[in-house]
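Engineer: sharing a model that was predicted from the sequence below.
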Amino acid sequence: MASTTHPHAFHFDRAVDSYWEASADPLGIDTPPLTADETCDIAVIGAGFTGLSAALELAEQGVDVRVLEAGRVGWGASGRNGGFACMGSHKLSYATMIRRYGLEASRQFYDTMRQSVALVRDNLQRYGIDAWATEDGEVTLAHLPSRVQELRDEQAYLRQTFGDETEFLSKDDLKALGLDGPGFYAGLKGKVGFGIHPLNYVRGLARAAAKAGAKIHASSRLVRWEELPDGHRLHTPGGVLRARQVIVATNGYTPEDVSPRHAGRIMPALSSVIVTRPLTPDERQAQGWTSDLLAYDSRKLLHYFRVLPNGRFLFGGRGGTDASDRGDAAYRPLLTTAFNELFPAWANVEITHYWRGFVCLSNDLVPYVGALDEKQTVWTALAYHGNGVAMGSWCGRAVARLATRKTARDELSPVLTRRLSRFPLPAFRPLYLKGAYVWYGWEDSR
Ligand SMILES: Cc1cc2nc3c(=O)[nH]c(=O)nc-3n(C[C@H](O)[C@H](O)[C@H](O)COP(=O)(O)OP(=O)(O)OC[C@H]3O[C@@H](n4cnc5c(N)ncnc54)[C@H](O)[C@@H]3O)c2cc1C
(Lines give C-alpha, C1' and ligand atoms only; values in the text may rest on other atoms or scores of the structure.)
Protein backbone atom coordinates (compact mmCIF):
# COMPACT_ATOMS: atom_id res chain seq x y z
CA MET A 1 0.00 0.00 0.00
CA ALA A 2 2.18 2.82 -1.33
CA SER A 3 4.24 4.69 1.19
CA THR A 4 2.96 3.29 4.50
CA THR A 5 4.09 -0.19 3.50
CA HIS A 6 7.58 0.99 2.63
CA PRO A 7 10.02 -1.85 3.50
CA HIS A 8 12.16 0.54 5.56
CA ALA A 9 9.48 0.44 8.27
CA PHE A 10 9.69 -3.36 8.55
CA HIS A 11 13.31 -3.75 9.72
CA PHE A 12 12.44 -6.71 11.94
CA ASP A 13 16.13 -7.58 12.32
CA ARG A 14 17.00 -4.50 14.39
CA ALA A 15 15.38 -2.69 17.29
CA VAL A 16 13.97 0.80 16.85
CA ASP A 17 16.23 3.53 18.29
CA SER A 18 13.82 4.52 21.07
CA TYR A 19 14.37 5.79 24.58
CA TRP A 20 12.56 2.67 25.80
CA GLU A 21 15.13 0.41 24.12
CA ALA A 22 17.88 2.45 25.78
CA SER A 23 16.38 2.15 29.27
CA ALA A 24 14.46 -1.17 29.42
CA ASP A 25 15.14 -4.10 31.71
CA PRO A 26 16.40 -7.19 29.85
CA LEU A 27 13.82 -9.64 28.55
CA GLY A 28 15.39 -12.40 30.61
CA ILE A 29 13.92 -15.40 28.76
CA ASP A 30 14.87 -17.35 25.64
CA THR A 31 12.72 -16.81 22.57
CA PRO A 32 14.41 -19.06 19.98
CA PRO A 33 13.31 -18.88 16.35
CA LEU A 34 11.19 -21.71 14.99
CA THR A 35 13.64 -24.08 13.31
CA ALA A 36 11.62 -27.24 12.66
CA ASP A 37 8.11 -28.49 11.92
CA GLU A 38 6.14 -28.13 15.12
CA THR A 39 2.53 -28.42 16.19
CA CYS A 40 0.46 -26.52 18.70
CA ASP A 41 -3.18 -26.02 19.50
CA ILE A 42 -3.40 -22.24 19.01
CA ALA A 43 -0.79 -20.11 17.23
CA VAL A 44 -0.52 -16.41 17.90
CA ILE A 45 1.08 -14.11 15.30
CA GLY A 46 2.76 -11.06 16.84
CA ALA A 47 4.39 -10.54 20.24
CA GLY A 48 2.97 -7.18 21.30
CA PHE A 49 0.41 -6.39 23.98
CA THR A 50 -2.37 -8.12 22.02
CA GLY A 51 -0.51 -11.30 21.10
CA LEU A 52 1.16 -11.75 24.47
CA SER A 53 -2.03 -11.03 26.41
CA ALA A 54 -3.71 -13.70 24.29
CA ALA A 55 -0.83 -16.12 24.82
CA LEU A 56 -0.80 -15.46 28.56
CA GLU A 57 -4.53 -16.13 28.85
CA LEU A 58 -4.28 -19.30 26.75
CA ALA A 59 -1.28 -20.64 28.64
CA GLU A 60 -3.03 -19.99 31.94
CA GLN A 61 -6.00 -21.96 30.61
CA GLY A 62 -3.61 -24.84 29.91
CA VAL A 63 -3.77 -24.46 26.11
CA ASP A 64 -0.72 -25.47 24.04
CA VAL A 65 0.11 -22.06 22.55
CA ARG A 66 3.01 -20.72 20.51
CA VAL A 67 3.76 -17.16 19.44
CA LEU A 68 5.45 -16.33 16.13
CA GLU A 69 7.09 -12.90 16.10
CA ALA A 70 8.90 -11.47 13.06
CA GLY A 71 11.24 -9.31 15.16
CA ARG A 72 11.79 -9.56 18.87
CA VAL A 73 9.30 -9.29 21.73
CA GLY A 74 7.67 -5.84 21.61
CA TRP A 75 9.33 -4.95 18.30
CA GLY A 76 6.14 -3.33 16.95
CA ALA A 77 4.14 -0.49 18.42
CA SER A 78 3.97 -2.14 21.85
CA GLY A 79 7.65 -1.55 22.58
CA ARG A 80 7.83 1.94 21.12
CA ASN A 81 4.69 3.89 22.11
CA GLY A 82 4.20 6.82 24.45
CA GLY A 83 3.32 4.60 27.39
CA PHE A 84 -0.08 6.19 28.02
CA ALA A 85 -2.25 3.45 29.52
CA CYS A 86 -5.54 5.23 29.02
CA MET A 87 -8.99 5.31 27.43
CA GLY A 88 -9.79 6.39 23.88
CA SER A 89 -9.12 3.57 21.42
CA HIS A 90 -11.64 4.84 18.85
CA LYS A 91 -12.00 7.78 16.48
CA LEU A 92 -15.78 7.45 16.14
CA SER A 93 -17.68 10.13 18.05
CA TYR A 94 -19.83 8.88 20.91
CA ALA A 95 -22.92 10.40 19.28
CA THR A 96 -22.36 8.33 16.11
CA MET A 97 -21.45 5.26 18.13
CA ILE A 98 -24.74 5.48 20.00
CA ARG A 99 -26.69 6.01 16.76
CA ARG A 100 -24.97 3.05 15.12
CA TYR A 101 -24.73 0.51 17.94
CA GLY A 102 -27.16 1.80 20.59
CA LEU A 103 -26.69 3.34 24.01
CA GLU A 104 -26.27 0.07 25.88
CA ALA A 105 -23.56 -1.23 23.52
CA SER A 106 -21.76 2.12 23.70
CA ARG A 107 -21.88 2.13 27.48
CA GLN A 108 -20.51 -1.40 27.53
CA PHE A 109 -17.71 -0.30 25.21
CA TYR A 110 -16.93 2.68 27.45
CA ASP A 111 -16.84 0.39 30.45
CA THR A 112 -14.51 -1.98 28.57
CA MET A 113 -12.07 0.88 28.01
CA ARG A 114 -12.19 1.67 31.72
CA GLN A 115 -11.61 -1.99 32.59
CA SER A 116 -8.71 -2.19 30.15
CA VAL A 117 -6.76 0.47 32.05
CA ALA A 118 -7.41 -1.37 35.32
CA LEU A 119 -6.22 -4.59 33.65
CA VAL A 120 -2.82 -3.05 32.90
CA ARG A 121 -2.43 -1.95 36.52
CA ASP A 122 -3.49 -5.42 37.63
CA ASN A 123 -1.04 -7.13 35.24
CA LEU A 124 1.85 -5.04 36.58
CA GLN A 125 1.02 -6.08 40.11
CA ARG A 126 0.08 -9.71 39.47
CA TYR A 127 3.17 -10.51 37.39
CA GLY A 128 5.60 -8.27 39.28
CA ILE A 129 6.43 -6.04 36.30
CA ASP A 130 8.36 -2.84 37.05
CA ALA A 131 7.12 -0.55 34.28
CA TRP A 132 7.66 2.84 35.93
CA ALA A 133 3.91 3.19 36.54
CA THR A 134 2.76 6.69 37.48
CA GLU A 135 -0.22 7.94 39.51
CA ASP A 136 -3.70 7.94 37.93
CA GLY A 137 -5.00 10.94 36.01
CA GLU A 138 -4.90 12.52 32.56
CA VAL A 139 -5.79 15.91 31.15
CA THR A 140 -7.06 17.11 27.77
CA LEU A 141 -5.96 20.68 27.02
CA ALA A 142 -7.98 23.12 24.89
CA HIS A 143 -5.59 24.21 22.16
CA LEU A 144 -7.68 27.22 21.11
CA PRO A 145 -9.97 29.57 23.06
CA SER A 146 -12.84 28.21 20.95
CA ARG A 147 -12.26 24.73 22.40
CA VAL A 148 -12.87 25.80 26.01
CA GLN A 149 -16.65 25.53 25.73
CA GLU A 150 -16.25 22.18 23.96
CA LEU A 151 -14.46 20.81 27.02
CA ARG A 152 -17.32 22.04 29.24
CA ASP A 153 -19.82 20.36 26.89
CA GLU A 154 -17.77 17.17 26.92
CA GLN A 155 -17.71 17.17 30.70
CA ALA A 156 -21.52 17.33 30.82
CA TYR A 157 -21.84 14.69 28.07
CA LEU A 158 -19.53 12.20 29.78
CA ARG A 159 -21.39 12.64 33.06
CA GLN A 160 -24.86 12.23 31.55
CA THR A 161 -24.04 9.46 29.09
CA PHE A 162 -21.46 7.34 30.88
CA GLY A 163 -21.66 8.53 34.50
CA ASP A 164 -18.02 9.61 34.24
CA GLU A 165 -16.96 12.50 36.49
CA THR A 166 -14.23 14.76 35.15
CA GLU A 167 -12.86 18.05 36.45
CA PHE A 168 -12.90 21.24 34.40
CA LEU A 169 -9.71 23.31 34.77
CA SER A 170 -9.60 27.00 33.84
CA LYS A 171 -6.43 28.64 32.52
CA ASP A 172 -5.69 29.79 36.10
CA ASP A 173 -6.22 26.24 37.39
CA LEU A 174 -3.77 24.94 34.79
CA LYS A 175 -1.18 27.43 35.96
CA ALA A 176 -1.69 26.49 39.61
CA LEU A 177 -1.35 22.78 38.75
CA GLY A 178 1.86 23.20 36.74
CA LEU A 179 0.17 22.54 33.37
CA ASP A 180 0.84 25.92 31.87
CA GLY A 181 1.81 26.76 28.31
CA PRO A 182 1.10 29.45 25.74
CA GLY A 183 -1.04 27.06 23.71
CA PHE A 184 -3.30 25.78 26.50
CA TYR A 185 -6.54 27.60 27.36
CA ALA A 186 -8.36 25.19 29.70
CA GLY A 187 -8.33 21.51 30.63
CA LEU A 188 -10.52 18.53 31.37
CA LYS A 189 -9.03 16.16 33.90
CA GLY A 190 -10.08 12.53 33.99
CA LYS A 191 -9.36 10.03 36.75
CA VAL A 192 -8.54 7.03 34.56
CA GLY A 193 -5.14 6.61 32.91
CA PHE A 194 -1.51 6.35 33.94
CA GLY A 195 1.95 6.27 32.42
CA ILE A 196 4.19 3.23 31.94
CA HIS A 197 7.46 2.11 30.38
CA PRO A 198 5.88 0.18 27.50
CA LEU A 199 8.85 -2.02 26.66
CA ASN A 200 9.23 -3.10 30.27
CA TYR A 201 5.51 -3.90 30.29
CA VAL A 202 5.51 -5.94 27.09
CA ARG A 203 8.64 -7.81 28.17
CA GLY A 204 6.96 -8.50 31.51
CA LEU A 205 3.93 -9.93 29.68
CA ALA A 206 6.26 -12.16 27.66
CA ARG A 207 7.93 -13.47 30.81
CA ALA A 208 4.53 -14.13 32.41
CA ALA A 209 3.25 -15.93 29.29
CA ALA A 210 6.42 -18.03 29.04
CA LYS A 211 6.26 -18.90 32.73
CA ALA A 212 2.66 -20.05 32.25
CA GLY A 213 3.79 -22.34 29.41
CA ALA A 214 3.58 -20.33 26.17
CA LYS A 215 6.44 -20.82 23.70
CA ILE A 216 7.59 -17.60 22.05
CA HIS A 217 9.55 -17.70 18.79
CA ALA A 218 11.26 -14.42 17.91
CA SER A 219 12.76 -13.82 14.42
CA SER A 220 10.03 -16.11 13.07
CA ARG A 221 8.18 -14.10 10.51
CA LEU A 222 5.05 -15.63 9.01
CA VAL A 223 5.80 -15.67 5.30
CA ARG A 224 3.18 -18.12 3.99
CA TRP A 225 -0.10 -19.37 5.40
CA GLU A 226 -1.81 -22.55 4.21
CA GLU A 227 -5.38 -23.14 5.34
CA LEU A 228 -6.12 -26.87 5.05
CA PRO A 229 -9.20 -28.85 6.10
CA ASP A 230 -7.37 -30.21 9.13
CA GLY A 231 -5.94 -26.90 10.31
CA HIS A 232 -3.42 -24.20 9.52
CA ARG A 233 0.20 -24.42 8.40
CA LEU A 234 2.20 -21.33 9.17
CA HIS A 235 5.46 -21.06 7.29
CA THR A 236 8.41 -19.08 8.67
CA PRO A 237 11.92 -18.92 7.19
CA GLY A 238 13.11 -21.59 9.66
CA GLY A 239 10.18 -23.97 10.06
CA VAL A 240 6.46 -24.68 9.87
CA LEU A 241 3.98 -24.40 12.69
CA ARG A 242 0.76 -26.42 12.47
CA ALA A 243 -2.14 -25.16 14.54
CA ARG A 244 -5.83 -25.85 14.95
CA GLN A 245 -6.57 -22.14 15.40
CA VAL A 246 -4.69 -18.90 14.74
CA ILE A 247 -4.90 -15.54 16.46
CA VAL A 248 -3.49 -12.70 14.35
CA ALA A 249 -2.20 -9.92 16.60
CA THR A 250 -0.20 -7.78 14.19
CA ASN A 251 -2.26 -4.53 14.30
CA GLY A 252 -0.59 -1.75 12.25
CA TYR A 253 2.08 -4.19 10.98
CA THR A 254 -0.44 -6.71 9.61
CA PRO A 255 0.97 -8.46 6.50
CA GLU A 256 -2.08 -8.32 4.23
CA ASP A 257 -0.33 -10.37 1.55
CA VAL A 258 0.16 -13.29 3.96
CA SER A 259 -3.16 -12.94 5.78
CA PRO A 260 -5.68 -12.30 3.00
CA ARG A 261 -8.58 -12.28 5.46
CA HIS A 262 -7.25 -8.92 6.65
CA ALA A 263 -6.87 -7.53 3.14
CA GLY A 264 -8.40 -4.09 2.75
CA ARG A 265 -9.67 -4.03 6.33
CA ILE A 266 -7.03 -2.02 8.16
CA MET A 267 -5.30 1.31 7.72
CA PRO A 268 -1.79 1.62 9.17
CA ALA A 269 -0.86 5.18 10.19
CA LEU A 270 2.40 6.54 11.56
CA SER A 271 2.79 8.02 15.02
CA SER A 272 6.05 9.60 16.21
CA VAL A 273 7.74 10.46 19.48
CA ILE A 274 10.63 12.58 20.73
CA VAL A 275 12.23 12.38 24.18
CA THR A 276 14.45 15.08 25.70
CA ARG A 277 17.32 14.79 28.13
CA PRO A 278 16.20 15.10 31.79
CA LEU A 279 14.89 18.59 32.54
CA THR A 280 16.03 20.35 35.69
CA PRO A 281 13.43 21.62 38.22
CA ASP A 282 14.36 25.19 37.19
CA GLU A 283 13.73 24.40 33.53
CA ARG A 284 10.35 22.96 34.37
CA GLN A 285 9.49 26.05 36.43
CA ALA A 286 10.55 28.31 33.60
CA GLN A 287 8.05 26.63 31.29
CA GLY A 288 5.33 26.41 33.95
CA TRP A 289 5.05 22.66 33.37
CA THR A 290 5.84 20.92 36.64
CA SER A 291 3.06 18.30 36.63
CA ASP A 292 3.62 14.61 35.83
CA LEU A 293 0.08 14.12 34.49
CA LEU A 294 -0.54 12.46 31.14
CA ALA A 295 -1.62 15.21 28.76
CA TYR A 296 -3.06 15.64 25.26
CA ASP A 297 -4.19 18.67 23.36
CA SER A 298 -7.67 18.92 21.92
CA ARG A 299 -6.57 18.70 18.28
CA LYS A 300 -8.02 15.93 16.12
CA LEU A 301 -4.39 15.39 15.08
CA LEU A 302 -3.47 15.46 18.72
CA HIS A 303 -0.16 15.83 20.49
CA TYR A 304 0.44 13.72 23.59
CA PHE A 305 3.06 14.50 26.20
CA ARG A 306 4.25 13.82 29.72
CA VAL A 307 7.24 14.08 32.00
CA LEU A 308 8.81 10.66 32.57
CA PRO A 309 9.66 9.61 36.13
CA ASN A 310 13.34 10.57 35.55
CA GLY A 311 12.53 14.10 34.36
CA ARG A 312 12.80 13.55 30.62
CA PHE A 313 9.96 14.94 28.52
CA LEU A 314 8.14 12.74 26.01
CA PHE A 315 6.24 14.45 23.19
CA GLY A 316 4.36 12.63 20.44
CA GLY A 317 2.05 13.19 17.54
CA ARG A 318 1.24 11.81 14.13
CA GLY A 319 4.17 10.71 12.01
CA GLY A 320 3.50 11.75 8.42
CA THR A 321 2.54 9.47 5.53
CA ASP A 322 5.94 8.41 4.19
CA ALA A 323 7.26 5.34 6.02
CA SER A 324 10.62 5.32 4.25
CA ASP A 325 13.86 6.34 5.99
CA ARG A 326 13.72 9.60 4.02
CA GLY A 327 10.20 10.26 5.32
CA ASP A 328 11.43 9.39 8.80
CA ALA A 329 14.23 11.96 8.71
CA ALA A 330 11.93 14.56 7.16
CA TYR A 331 9.32 14.22 9.89
CA ARG A 332 11.61 14.86 12.88
CA PRO A 333 11.83 18.66 12.35
CA LEU A 334 8.05 18.88 11.97
CA LEU A 335 7.45 17.17 15.31
CA THR A 336 10.19 19.26 16.92
CA THR A 337 8.61 22.46 15.65
CA ALA A 338 5.26 21.49 17.20
CA PHE A 339 7.07 20.74 20.48
CA ASN A 340 8.90 24.09 20.43
CA GLU A 341 5.67 25.99 19.81
CA LEU A 342 3.92 24.40 22.76
CA PHE A 343 6.96 24.38 25.09
CA PRO A 344 9.04 27.39 23.97
CA ALA A 345 11.17 27.49 27.13
CA TRP A 346 12.60 24.12 26.16
CA ALA A 347 13.34 24.94 22.54
CA ASN A 348 17.09 24.51 23.08
CA VAL A 349 16.88 21.40 25.23
CA GLU A 350 18.61 18.42 23.63
CA ILE A 351 16.34 15.84 22.07
CA THR A 352 18.04 12.51 22.66
CA HIS A 353 15.61 10.17 20.91
CA TYR A 354 13.18 10.25 18.01
CA TRP A 355 11.31 7.33 16.49
CA ARG A 356 8.11 6.32 14.72
CA GLY A 357 5.82 3.32 14.41
CA PHE A 358 2.49 2.14 13.08
CA VAL A 359 -0.87 2.45 14.75
CA CYS A 360 -3.95 0.90 13.15
CA LEU A 361 -7.33 2.31 12.12
CA SER A 362 -10.43 0.41 11.01
CA ASN A 363 -13.00 1.54 8.50
CA ASP A 364 -15.57 1.87 11.30
CA LEU A 365 -13.15 3.81 13.53
CA VAL A 366 -13.54 1.41 16.48
CA PRO A 367 -11.45 -1.64 17.50
CA TYR A 368 -12.35 -5.16 16.43
CA VAL A 369 -12.25 -8.45 18.36
CA GLY A 370 -13.48 -11.66 16.79
CA ALA A 371 -13.29 -14.32 14.11
CA LEU A 372 -12.44 -13.74 10.46
CA ASP A 373 -13.68 -17.07 9.07
CA GLU A 374 -16.94 -18.99 9.08
CA LYS A 375 -15.43 -21.97 10.92
CA GLN A 376 -14.12 -19.67 13.65
CA THR A 377 -10.52 -20.84 13.58
CA VAL A 378 -8.92 -17.54 12.54
CA TRP A 379 -9.19 -14.73 15.06
CA THR A 380 -7.95 -11.21 15.33
CA ALA A 381 -7.96 -8.23 17.70
CA LEU A 382 -6.78 -4.87 16.39
CA ALA A 383 -7.45 -1.26 15.40
CA TYR A 384 -6.98 0.62 18.65
CA HIS A 385 -6.60 3.93 16.82
CA GLY A 386 -3.28 4.80 18.42
CA ASN A 387 -4.48 3.81 21.87
CA GLY A 388 -3.70 0.16 22.42
CA VAL A 389 -1.60 -0.07 25.57
CA ALA A 390 -4.69 -0.81 27.61
CA MET A 391 -7.11 -1.99 24.90
CA GLY A 392 -4.53 -4.25 23.28
CA SER A 393 -4.08 -5.95 26.65
CA TRP A 394 -7.82 -6.31 27.14
CA CYS A 395 -8.66 -7.34 23.58
CA GLY A 396 -5.80 -9.85 23.46
CA ARG A 397 -7.20 -11.57 26.51
CA ALA A 398 -10.75 -11.32 25.12
CA VAL A 399 -9.87 -12.86 21.74
CA ALA A 400 -8.16 -15.77 23.49
CA ARG A 401 -11.28 -16.36 25.56
CA LEU A 402 -13.41 -16.30 22.41
CA ALA A 403 -11.10 -18.83 20.76
CA THR A 404 -11.44 -21.26 23.68
CA ARG A 405 -15.17 -20.49 23.98
CA LYS A 406 -14.62 -19.34 27.56
CA THR A 407 -16.40 -16.13 26.53
CA ALA A 408 -19.29 -15.97 24.08
CA ARG A 409 -19.33 -13.27 21.42
CA ASP A 410 -22.49 -11.70 22.81
CA GLU A 411 -20.80 -11.09 26.15
CA LEU A 412 -18.65 -8.40 24.49
CA SER A 413 -19.89 -5.01 23.38
CA PRO A 414 -21.36 -5.17 19.85
CA VAL A 415 -19.15 -2.16 19.10
CA LEU A 416 -16.16 -4.53 19.25
CA THR A 417 -17.68 -7.59 17.60
CA ARG A 418 -19.41 -6.14 14.51
CA ARG A 419 -18.08 -7.45 11.18
CA LEU A 420 -14.63 -6.02 10.35
CA SER A 421 -15.58 -4.16 7.19
CA ARG A 422 -13.37 -3.43 4.21
CA PHE A 423 -12.38 0.08 3.26
CA PRO A 424 -14.10 1.08 0.02
CA LEU A 425 -11.53 0.88 -2.80
CA PRO A 426 -8.75 -0.23 -0.42
CA ALA A 427 -5.99 0.70 -2.87
CA PHE A 428 -6.83 4.34 -2.17
CA ARG A 429 -6.21 4.09 1.60
CA PRO A 430 -3.00 6.17 1.50
CA LEU A 431 -4.98 8.92 -0.22
CA TYR A 432 -7.78 8.71 2.37
CA LEU A 433 -5.17 9.18 5.08
CA LYS A 434 -3.59 12.17 3.36
CA GLY A 435 -7.05 13.66 2.80
CA ALA A 436 -8.00 13.11 6.44
CA TYR A 437 -4.82 14.85 7.60
CA VAL A 438 -5.58 17.89 5.45
CA TRP A 439 -9.20 18.00 6.63
CA TYR A 440 -8.39 17.51 10.32
CA GLY A 441 -5.52 20.00 10.10
CA TRP A 442 -7.96 22.59 8.79
CA GLU A 443 -10.50 21.76 11.51
CA ASP A 444 -7.80 22.00 14.17
CA SER A 445 -6.85 25.49 13.05
CA ARG A 446 -10.22 27.14 13.64
C1 LIG B 1 4.82 6.04 18.26
C2 LIG B 1 3.61 5.41 18.88
C3 LIG B 1 3.08 5.95 20.05
C4 LIG B 1 1.96 5.36 20.65
N5 LIG B 1 1.54 5.81 21.87
C6 LIG B 1 0.55 5.16 22.51
C7 LIG B 1 0.22 5.51 23.84
O8 LIG B 1 0.86 6.34 24.47
N9 LIG B 1 -0.81 4.85 24.42
C10 LIG B 1 -1.51 3.88 23.78
O11 LIG B 1 -2.45 3.34 24.35
N12 LIG B 1 -1.17 3.48 22.54
C13 LIG B 1 -0.15 4.08 21.90
N14 LIG B 1 0.23 3.66 20.67
C15 LIG B 1 -0.48 2.54 20.06
C16 LIG B 1 -0.10 1.20 20.71
O17 LIG B 1 1.30 1.13 20.82
C18 LIG B 1 -0.65 0.06 19.87
O19 LIG B 1 -2.04 0.21 19.74
C20 LIG B 1 -0.37 -1.29 20.52
O21 LIG B 1 0.96 -1.42 20.87
C22 LIG B 1 -0.79 -2.41 19.57
O23 LIG B 1 -0.33 -3.61 20.10
P24 LIG B 1 -0.38 -4.93 19.25
O25 LIG B 1 0.21 -6.02 20.08
O26 LIG B 1 -1.77 -5.14 18.75
O27 LIG B 1 0.49 -4.62 17.96
P28 LIG B 1 2.08 -4.37 17.84
O29 LIG B 1 2.67 -4.02 19.14
O30 LIG B 1 2.30 -3.45 16.71
O31 LIG B 1 2.64 -5.80 17.51
C32 LIG B 1 2.46 -6.44 16.27
C33 LIG B 1 3.61 -7.42 16.12
O34 LIG B 1 3.36 -8.24 14.98
C35 LIG B 1 4.62 -8.59 14.46
N36 LIG B 1 4.45 -9.04 13.08
C37 LIG B 1 4.09 -8.31 11.99
N38 LIG B 1 4.09 -9.09 10.89
C39 LIG B 1 4.44 -10.34 11.29
C40 LIG B 1 4.61 -11.58 10.62
N41 LIG B 1 4.43 -11.70 9.28
N42 LIG B 1 4.98 -12.66 11.34
C43 LIG B 1 5.16 -12.58 12.68
N44 LIG B 1 5.03 -11.40 13.37
C45 LIG B 1 4.67 -10.31 12.68
C46 LIG B 1 5.42 -7.29 14.55
O47 LIG B 1 6.80 -7.53 14.52
C48 LIG B 1 4.95 -6.73 15.89
O49 LIG B 1 5.83 -7.02 16.95
C50 LIG B 1 1.33 4.24 20.03
C51 LIG B 1 1.85 3.70 18.86
C52 LIG B 1 2.98 4.28 18.29
C53 LIG B 1 3.54 3.68 17.03
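Structural biologist: Sure, I can see it.
Engineer: all strands in the stretch 251-400 of the chain, in order from the N-terminus.
Structural biologist: 266-276, 294-297, 304-307, 313-318, 351-362, 368-371, 378-382 (DSSP state E, counting those that start in this stretch).
Engineer: Serialize those to JSON lines and add fields for distance to the ligand.
Structural biologist: No exception for glycine: its C-beta is placed from N, CA and C like everyone else's. Output for these, formatted as JSON lines (distance: least, Cβ to the nearest ligand atom, whole Å):
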{"stretch": "strand 266-276", "distance to the ligand": "4"}
{"stretch": "strand 294-297", "distance to the ligand": "8"}
{"stretch": "strand 304-307", "distance to the ligand": "6"}
{"stretch": "strand 313-318", "distance to the ligand": "5"}
{"stretch": "strand 351-362", "distance to the ligand": "3"}
{"stretch": "strand 368-371", "distance to the ligand": "11"}
{"stretch": "strand 378-382", "distance to the ligand": "6"}
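Engineer: mind putting those strands into a markdown table with mean neighbour count, distance to Asp257 and mean pLDDT?
Structural biologist: Formatted as a markdown table, those follow (neighbours: other Cβ atoms under 10 Å; distance: least, Cβ to Cβ, whole Å; pLDDT from 0 to 100):
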| stretch | mean neighbour count | distance to Asp257 | mean pLDDT |
| --- | --- | --- | --- |
| strand 266-276 | 23 | 13 | 97 |
| strand 294-297 | 24 | 35 | 97 |
| strand 304-307 | 24 | 32 | 98 |
| strand 313-318 | 24 | 26 | 97 |
| strand 351-362 | 21 | 16 | 97 |
| strand 368-371 | 23 | 20 | 98 |
| strand 378-382 | 26 | 16 | 98 |
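Engineer: with distance to Arg159 as extra columns, can I get the ones you listed in JSON lines?
Structural biologist: Listed next are the strands of the stretch 251-400 of the chain as JSON lines, based on distance: least, Cβ to Cβ, whole Å:
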{"stretch": "strand 266-276", "distance to Arg159": "30"}
{"stretch": "strand 294-297", "distance to Arg159": "20"}
{"stretch": "strand 304-307", "distance to Arg159": "24"}
{"stretch": "strand 313-318", "distance to Arg159": "29"}
{"stretch": "strand 351-362", "distance to Arg159": "28"}
{"stretch": "strand 368-371", "distance to Arg159": "28"}
{"stretch": "strand 378-382", "distance to Arg159": "30"}
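Engineer: for Phe184, which non-adjacent residue is closest in space?
Structural biologist: In this structure, Phe184 finds its nearest non-sequential neighbour in Leu141, 4.3 Å apart by Cβ to Cβ, 6 or more residues apart in numbering.
Engineer: distance of that neighbour from Asp292?
Structural biologist: 15 Å (Cβ to Cβ, to the nearest Å).
Engineer: more neighbours, the two?
Structural biologist: Leu141 (26 against 16; other Cβ atoms under 10 Å).
Engineer: gap between that one and Arg242?
Structural biologist: 51 Å.
Engineer: also Gly386?
Structural biologist: Taking Cβ to Cβ, one finds Gly386 at 35 Å from Arg242.
Engineer: do the same with His90
Structural biologist: Counting by Cβ to Cβ, the gap from His90 to Arg242 is 36 Å.
Engineer: the more surrounded of the two?
Structural biologist: The neighbour comparison of His90 against Arg242 (other Cβ under 10 Å) goes to His90, with 24 against 17.
Engineer: mind listing what that one touches?
Structural biologist: Met97, Phe109, Leu365, Val366, Pro367, His385, Asn387, Val415 (Cβ atoms under 8 Å, 6 or more residues apart in numbering).
Engineer: just the ones of these in helices?
Structural biologist: Using DSSP state H, the members of those that fall in helices are Met97, Phe109, Val415.
Engineer: look at the spatially most central residue of the chain and report its pLDDT.
Structural biologist: Nearest to the mean C-alpha position of the chain, by Cα atoms, centre = their mean, lies Gly388 at 2.8 Å. For Gly388, the pLDDT comes out at 98.
Engineer: who's in contact with Thr321?
Structural biologist: Ser3, Thr4, Leu270, Gly327, Pro430, Leu433, Lys434, Tyr437.
Engineer: how many residues are close by the last one?
Structural biologist: By the other Cβ under 10 Å criterion, the neighbourhood of Tyr437 contains 16 residues.
Engineer: what's the helix or strand for it?
Structural biologist: Assigned by DSSP states H and E, Tyr437 belongs to helix 429-444.
Engineer: helices or strands next to that helix in the packing?
Structural biologist: Judged by 3 or more Cβ pairs under 8 Å, 6 or more residues apart in numbering; DSSP states H and E, helix 429-444 is in contact with strand 266-276.
Engineer: among the contacts of Thr321, who's most crowded?
Structural biologist: Busiest of the contacts of Thr321 [other Cβ under 10 Å] is Leu270, holding 24 neighbours.
Engineer: could you find the closest non-adjacent residue to it?
Structural biologist: Closest to Leu270 by Cβ to Cβ, 6+ apart is Gly319, at 3.1 Å.
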